[in-house]
Every structure is written in C-alpha cells, then in structure tokens.
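Asker: Got a predicted model here, sequence first, then my questions.
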Amino acid sequence: MLAREVYAQPAIDVARALLGCTLVHVDDGVRRGGRIVETEAYLGPHDRACHASKGRSARTESMFLEPGHAYVYLIYGMYDCFNVVTDRVDYPAAVLIRALAPLEGCLGDTDGPGKLCRALRITRRHDRLDLASPTSSLFLEAGPPPAHIDRGPRVGVDYAGSWARRHLRFWARRDPWVSGVSAAIRRLRSRG
DNA sequence: TGCACGATGAAC
DNA sequence: TTCATCGTGCAC
C-alpha cells in the first residue's frame, strides 16, 4: 500500500508518480484492480479547472482533507470519477485517475475515468475514504513506472481559459489502455 | 426556487 | 454530432 508521503507532494508530481502503480478495490472480498496508465493533475485553488477553484463546498470538501484521501464525484449525472487528494491538508489539489490496464476482477473496460469506476465498482460512497489507512478496502500499490511518459492538455476543461492549454495530463506511451486509444484504433480499422 | 451545464460514454 | 441524466453552483 502506498504511504501517505507519496500523496503529500504537488499534484503534478503525484500524477507522474502514480503511473505504473496499481489501483485496488477489495469489493466485498473480491479484488478488482488495474495498473494506472493515465492521470490528470488539478493543482489547487488557483487552477481554474479544479472543482475547488470556486471555493470550498460540500462537494469539494474531500479535497481539503489530508493527502491520500479519495475524492469521488458524479459527472454528467451518471458517471463517478475517482481522484486522489494530494499536496497538503486544507489545500485543494488532486489527481484524477483516467485509465487503467485491467489486472483482476474488472467488470468491463477501464479506459476512461467513468469506465474504470464502473469496472472496479467505485462510487461516491468511497468519497473521503483514506487510501493510506491500513484497513482501507480501496488503496494503491507501488508498481514499475512506464518506460516513457507522454503529456498533453487535460480533457474536457476548455472552459478553464489558459489553464485548459497546460500540459497536466500524463499517460504511458503507446499503452492501448489510455483513454480514447482503442476507440481511435477501431475507427482506423473500420476505415480500412 | 429555477436553471444552465459538466474532469463522460455510447450511439449514430 | 447528439443525447442520456442529475447534482452543483449561481442567478433571480
């Protein structure tokens, strides 16, 4: 299980460090997990794409907890997204886990933030959970980092002005489980 | 109290 | 490109 010190760094460093690690949910005795291949960093209150940039609220309260806690929220009325709280207490920064390479017990695809929560059965009831607690059923494990890390703009944050253009999304180079990749391959194949 | 919109995914 | 679907945040 990853120690709290790993999470207690700036979100941009945690986003890189988590690539290659394994996300595990022991779901009613069943292990469901995958290797992290894609992340996004949300740097803090000044980051206009960060949910907490508009201030503290019931939804964003978990981002103000100690690093190593979970921030799980509902998006578009139907998908849960899983984040790890980073940096320091009372400072709202987090890393969104965007894609996994499935390893065990996954219920469906894991190449997207909503999909991986569905596949690991992670929901808002896991919000505020301490991932660094020895008794937690949801946690991360260390793993070998990818040989190459690519970076680019975050997805779906066009509203965030200049913050939308910053390269705060990280992924394992040429990994087929990075979000959008398998869909792009399918398109190419069908085109001939 | 009402309403526009989103850190998405899937169908067309 | 469009739509499903609902909690949040902000306007009124």
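Answerer: Thanks, I have the structure now.
Asker: so residue A:87 makes contact with residue A:8?
Answerer: Yes: between residue A:87 and residue A:8 there is a contact under Cβ atoms under 8 Å: 6.9 Å. All C-beta atoms are positioned from the backbone trio N, CA, C, and that covers glycine.
Asker: Comparing the two, which residue is more hemmed in?
Answerer: residue A:87 (23 against 17; other Cβ atoms under 10 Å).
Asker: Just say helix, strand or coil for the more buried one.
Answerer: Classification of residue A:87 using DSSP: H, G, I helix; E, B strand; the rest coil returns coil.
Asker: could you check the distance from residue A:65 over to DNA strand B?
Answerer: 14 Å (Cβ to the nearest atom of the strand, to the nearest Å).
Asker: What about the nearest residue to residue A:50 once chain neighbours are set aside? Give its phi and psi, please.
Answerer: Nearest residue to residue A:50, sequence neighbours excluded (Cβ to Cβ, 6 or more residues apart in numbering): residue A:42, at 4.1 Å. The phi/psi pair for residue A:42 (degrees, to the nearest 10) reads phi -120, psi 110.
Asker: Pull up the overlap in contacts between residue A:87 and residue A:8.
Answerer: Counting by Cβ atoms under 8 Å, 6 or more residues apart in numbering, the contacts common to residue A:87 and residue A:8 are residue A:67.
Asker: sorry, back to before: for the residue nearest to residue A:50, grab the count of nearby residues.
Answerer: Neighbour number of residue A:42 under other Cβ under 10 Å is 26.
Asker: Just read off the phi/psi values of the residue of chain A found nearest DNA strand C.
Answerer: Proximity of chain A to DNA strand C (Cβ to the nearest atom of the strand) peaks at residue A:77, 2.8 Å away. As for residue A:77, its main-chain torsions (degrees, to the nearest 10) stand at phi 70, psi 0.
Asker: so residue A:106 is in which element?
Answerer: Take DSSP states H and E as the rule and residue A:106 turns out to sit in neither a helix nor a strand.
Asker: right, I mislabeled it, should have said residue A:84
Answerer: Residue A:84 belongs to strand A:79-85 when assigned by DSSP H and E.
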